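Novice: Build me a structure from this.
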Amino acid sequence: MKAVQDPILWTSDEVSQVIGIKIESSWLSNGIEFDSRKVKKGNIFFALPGTTLDGHNFIKDAVKLGAVALIVNKTYKSNIYNNMLIKVDDVYKALLLMANEARNRVIKTSNIIAITGSSGKTSTKEMIKSAFIELGLTYSNPGSFNNHVGVPYSLANMASNTKFGIFELGMNHSNEIRKLSHLVRPDIAIITNVSEAHIGNFNSIKDIIKAKAEIFEGIENNGNILINRDFKYYDEVIKYSKNLKNINIITYGITILSDISLVNRKIMDRGQLITAIAYGKTYTYKVNYDGLHQAINSLAVLGALLITKCDVEHGIKNIYNSVIPIGRGNRHNIIIEGKKSLLIDDSYNANPSSVTASLKSLKEIAGKKRKVLILGEMGELGKFSLALHKNIYNYLISIDINLVIFVGKNTKDLYNLSKSTIECTWLESSDKIVRKDIMQLIKPMDTILVKGSRYMKMELIIKFLIDKFKIKASK
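Specialist: Residues are numbered from 1 along each chain as shown. Okay, the predicted model is just below:
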């Protein structure tokens with residue numbers, strides 16, 4: 001039986017005390033929101049200023065949808081909502097204060113987990129959430145709310161009786177993970193891997209390693225580091241933990257040197273059957289994600305269950321119930337010329353490590369069928385972009401790719417490198433691919449992987465393929 005969250009997250013008296021502002025009206029709130037379109041009856045609306053939009057311009061919408069209070073900048077003037085206004089010097093700082101209080105007030109027996117890495121954060125978070133959800137009240141940040149706004153927003157929406165809190169921490173620059181880790185104060189800090197993602201915002205991979213290791217700084221006393229031992233920069237990352245006291249380090253991966261190691265995996269029609277050994281004991285469970293990288297990510301779930309001393313067998317049984325986030329490996333059956341083909345939607349984002357992991361998974365899933373890749377460019381690589389895009393060529397050759405459709409100007413050199421040995425074509429954007437119907441290159445029974453960075457809008461291609469080749473319902 002699942003634990004029930006307290007429906008009241010904040011009272012007017014609590015908020016008054018936390019942000020240090022006297023609140024004249026009395027109310028109860030079931031949560032906070034900064035997107036006026038998502039406000040629900042009983043929410044506190046934070047009028048956050050944004051880079052393009054200002055939350056103060058949407059106060060009327062928030063009130064219409066049922067906001068009970070409005071946290072606004074003290075310069076905001078209105079004669080309509082005076083009884084609802086809570087005026088502060090800085091709306092974002094008020095959000096941080098409430099996030100910090102939310103972390104302070106969770107029950108002492110709670111377990112707070114923070115996850116970072118260049119890839120695999122959201123998938124790992126979702127698997128951990130599924131494993132713990134029947135073991136106690138479990139909460140996680142929604143979607144990929146993993147930045148300087150998303151994390152405090154998520155914390156402030158965490159109930160005080162939460163037993164397991166799971167937070168994904170993302171970054172684009174140095175000092176971002178540090179701030180988030182000090183806010184979340186995890187009992188368990190997980191690092192899935194470190195690669196060249198966002199390297200365009202750094203001087204070198206060493207700077208990325210240092211930035212990811214910032215997660216160690218917020219770990220609670222007697223906390224745990226749960227880290228993938230397989231990735232290339234493991235030794236460099238773990239060096240940043242050497243000065244930590246009363247911190248336990250647990251490793252996972254393929255290597256037998258890991259505390260939790262992957263022994264075997266069997267590919268199923270949907271997902272994989274995993275066999276792992278942890279501290280001499282064997283565990284067998286299913287995951288509904290594809291690929292070796294996801295099998296390794298699942299080991300972190302096993303590690304979290306062991307650290308928290310939960311019912312491990314019950315927890316790992318529930319991993320298979322995890323909902324795969326949109327654009328992270330979702331499978332779609334489509335029909336081309338009367339024959340079933342498989343479309344794999346991995347369009348949410350892309351960096352060098354995630355692309356190579358997806359290519360290896362494509363090879364496994366396709367088996368003897370034709371393998372098709374629709375690859376959008378990888379963003380935030382800066383001066384390293386040309387070299388890192390070209391590096392993908394060797395992986396394309398290694399999996400015997402049959403067709404590649406390159407998308408975006410930064411894939412042009414990779415296309416030129418590939419065109420003499422691989423059947424491929426190139427277009428500048430996703431919408432041009434859709435307009436020119438380049439999909440005629442795809443054949444019946446193909447296995448098609450769509451991958452690319454967010455700004456490439458690869459989801460347009462996914463939608464086009466599903467609409468064009470959708471399976472018609474029988475009458």
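
Novice: so how far is stretch 72-81 from its chain's centroid?
Specialist: 36 Å (Cα atoms, centre = their mean, to the nearest Å).

Novice: Now it: buried residues?
Specialist: Val72, Asn73, Tyr76, Tyr81 (16 or more other Cβ atoms under 10 Å). For glycine as for every other residue, the C-beta is placed from the backbone atoms N, C-alpha and C.

Novice: would you turn these into TSV with secondary structure, pLDDT and distance to Ile448?
Specialist: As requested, the buried residues of stretch 72-81 are exported to TSV (DSSP: H, G, I helix; E, B strand; the rest coil; pLDDT from 0 to 100; distance: Cβ to Cβ, whole Å):
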residue	secondary structure	pLDDT	distance to Ile448
Val72	strand	97	48
Asn73	strand	96	49
Tyr76	coil	93	50
Tyr81	coil	88	51
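
Novice: Nearest to Ile44 among these?
Specialist: Val72 (11.2 Å; Cβ to Cβ).

Novice: what's the closest non-adjacent residue to Tyr92?
Specialist: Nearest residue to Tyr92, sequence neighbours excluded (Cβ to Cβ, 6 or more residues apart in numbering): Leu48, at 6.1 Å.

Novice: Can you list the residue ranges for strands in the stretch 251-400 of the chain?
Specialist: Per DSSP state E, counting those that start in this stretch, the stretch 251-400 of the chain carries strands over the ranges 260-267, 272-278, 281-287, 330-336, 339-346, 371-376.

Novice: In TSV, list the ones you listed along with distance to Gly165 and mean neighbour count.
Specialist: Formatted as TSV, the strands of the stretch 251-400 of the chain follow (distance: least, Cβ to Cβ, whole Å; neighbours: other Cβ atoms under 10 Å):
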stretch	distance to Gly165	mean neighbour count
strand 260-267	22	17
strand 272-278	23	20
strand 281-287	22	16
strand 330-336	26	16
strand 339-346	28	20
strand 371-376	34	26
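
Novice: Could you say which one of the ones you listed comes nearest to Leu306?
Specialist: Per Cβ to Cβ, nearest to Leu306 of the strands of the stretch 251-400 of the chain: strand 272-278, 6.0 Å.

Novice: And for that closest one, what's in contact with it?
Specialist: For strand 272-278, contacts defined as Cβ atoms under 8 Å, 6 or more residues apart in numbering pick out 259-266, 282-287, 289-290, 294-295, 298-299, 302-303, 306.

Novice: Apply 6 Å and report the result again.
Specialist: For strand 272-278, the external contacting residues (Cβ atoms under 6 Å, 6 or more residues apart in numbering) are 260-266, 283-287, 295, 298-299, 302.

Novice: Check stretch 185-197 too.
Specialist: By Cβ under 6 Å, 6+ apart, stretch 185-197 touches 103, 111-118, 120, 124, 209, 212, 215, 218-220, 223-228, 231, 233, 237, 300, 304, 307, 351-353, 388.

Novice: Out of those residues, which sit inside helices?
Specialist: Among the contacts of stretch 185-197, the ones falling in helices (DSSP state H) are Arg103, Thr124, Ile209, Lys212, Val237, Ala300, Ala304, Ile307, Pro352, Ser353, Leu388.

Novice: contacting residues around the first one?
Specialist: With Cβ under 6 Å, 6+ apart as the criterion, the residues that contact Arg103 are Leu155, Arg185.

Novice: same check, this time on the fourth one
Specialist: Going by Cβ under 6 Å, 6+ apart, Lys212 touches Thr116, Val194.

Novice: The residue nearest to Glu459 when sequence neighbours are not counted: how many residues sit nearby?
Specialist: With Cβ to Cβ, 6+ apart as the criterion, Glu459 has its nearest non-adjacent residue at 5.2 Å, and that residue is Ser347. Using other Cβ atoms under 10 Å, Ser347 has 28 other residues around it.

Novice: So Ser347 sits against Val450, correct?
Specialist: Yes. Contact between Ser347 and Val450 holds when scored by Cβ atoms under 6 Å: they sit 4.9 Å apart.

Novice: tell me which of the ones in helices among the contacts of stretch 185-197 is nearest to Trp426?
Specialist: Closest to Trp426, out of all of these and judged by Cβ to Cβ, is Leu388, at 17.5 Å.

Novice: Go ahead and confirm the closest one touches Asn351.
Specialist: No. Using Cβ under 6 Å, Leu388 makes no contact with Asn351, being 8.5 Å away.

Novice: Helix or strand with the lowest mean pLDDT in this structure?
Specialist: helix 430-436 (a mean of 86; mean pLDDT, DSSP states H and E).

Novice: could I have that helix exported to CSV, CA atoms only?
Specialist: Below are the C-alpha coordinates for helix 430-436, written out as CSV (Å, rounded to 0.1, in the frame of the first residue of the first chain):
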residue,chain,number,x,y,z
SER,A,430,14.3,18.9,-39.1
ASP,A,431,11.5,20.8,-40.8
LYS,A,432,13.3,20.6,-44.2
ILE,A,433,13.5,16.9,-43.8
VAL,A,434,9.8,16.7,-43.2
ARG,A,435,8.9,19.1,-46.1
LYS,A,436,11.1,17.3,-48.6
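
Novice: which residues sit against the very next helix or strand once past it?
Specialist: Counting by DSSP states H and E, the element after helix 430-436 in chain order, helix or strand, is strand 447-451. Residues outside strand 447-451 that contact it (Cβ under 6 Å, 6+ apart): 342-347, 350, 355, 358, 362, 365-366, 369, 371-375, 458, 461-462.

Novice: Report the mean per-residue pLDDT for strand 447-451.
Specialist: Computed over strand 447-451, the mean pLDDT rounds to 97.

Novice: what is the orientation angle of it with strand 330-336?
Specialist: Angle between the axes of strand 447-451 and strand 330-336 is 130 degrees (criterion: axes from the mean of the first three to the mean of the last three Cα atoms, to 10 degrees).

Novice: what pairs with strand 447-451, and is each one parallel or antiparallel?
Specialist: strand 339-346 (parallel), strand 371-376 (parallel) (DSSP bridges).

Novice: Of all the residues in the helix or strand just after that strand, which ones are buried?
Specialist: Later in the chain than strand 447-451, the nearest helix or strand by DSSP H and E is helix 459-469. Neighbour counts over helix 459-469 (16+ other Cβ under 10 Å) mark Glu459, Leu460, Ile461, Ile462, Phe464, Leu465, Phe469 as buried.

Novice: Adding distance to Leu65 and pLDDT, write the residues you listed out as a markdown table.
Specialist: Putting the buried residues of helix 459-469 into a markdown table (distance: Cβ to Cβ, whole Å; pLDDT from 0 to 100) gives the following:
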| residue | distance to Leu65 | pLDDT |
| --- | --- | --- |
| Glu459 | 27 | 96 |
| Leu460 | 30 | 95 |
| Ile461 | 34 | 94 |
| Ile462 | 31 | 95 |
| Phe464 | 33 | 92 |
| Leu465 | 35 | 92 |
| Phe469 | 38 | 89 |
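
Novice: ok so, going back, could you dump the strands of the stretch 251-400 of the chain into JSON lines and include mean pLDDT and distance to Tyr139?
Specialist: What follows is the strands of the stretch 251-400 of the chain, written out as JSON lines (pLDDT from 0 to 100; distance: least, Cβ to Cβ, whole Å):
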{"stretch": "strand 260-267", "mean pLDDT": "97", "distance to Tyr139": "25"}
{"stretch": "strand 272-278", "mean pLDDT": "98", "distance to Tyr139": "25"}
{"stretch": "strand 281-287", "mean pLDDT": "98", "distance to Tyr139": "22"}
{"stretch": "strand 330-336", "mean pLDDT": "94", "distance to Tyr139": "24"}
{"stretch": "strand 339-346", "mean pLDDT": "95", "distance to Tyr139": "27"}
{"stretch": "strand 371-376", "mean pLDDT": "98", "distance to Tyr139": "33"}
